[in-house]
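Student: build me a model:
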Amino acid sequence: PNNYYRDDGQYDPEEIMGMLNRLNEIIQMERRLET
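Tutor: Reported below is the predicted structural model:
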């Protein structure tokens, strides 16, 4: 369990922002296909 928390702290804020941006792009693409 300790390793799990340690690994979770390895993520950089920039990395998280990049992942969120990617998710946003995918969601927007899906919305375009729906309409």
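Student: for the chain, what are the low-confidence residue spans?
Tutor: Within the chain, the ranges that satisfy pLDDT under 70 run 1-9.
Student: where do the helices of it begin and end?
Tutor: Under the criterion DSSP state H, the chain contains helices at 2-8, 13-34.
Student: TSV for those, including mean neighbour count?
Tutor: Every C-beta, even on glycine, is put in place using the N, C-alpha and C of the backbone. Listed next are these as TSV, based on neighbours: other Cβ atoms under 10 Å:
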stretch	mean neighbour count
helix 2-8	8
helix 13-34	9
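Student: could you check how far the residue nearest the centre of the chain is from Thr35?
Tutor: Among the residues of the chain, the one closest to the centroid is Met19, at 2.9 Å (Cα atoms, centre = their mean). Distance, Met19 to Thr35, by Cβ to Cβ, to the nearest Å: 25 Å.
Student: go on, Pro13?
Tutor: Pro13 sits 33 Å away from Thr35, going by Cβ to Cβ.
Student: before we move on, what about Gly18?
Tutor: Going from Gly18 to Thr35 by Cβ to Cβ gives 27 Å.
Student: which ones are touching Met17?
Tutor: For Met17, no residue meets the contact criterion (Cβ atoms under 8 Å, 6 or more residues apart in numbering).
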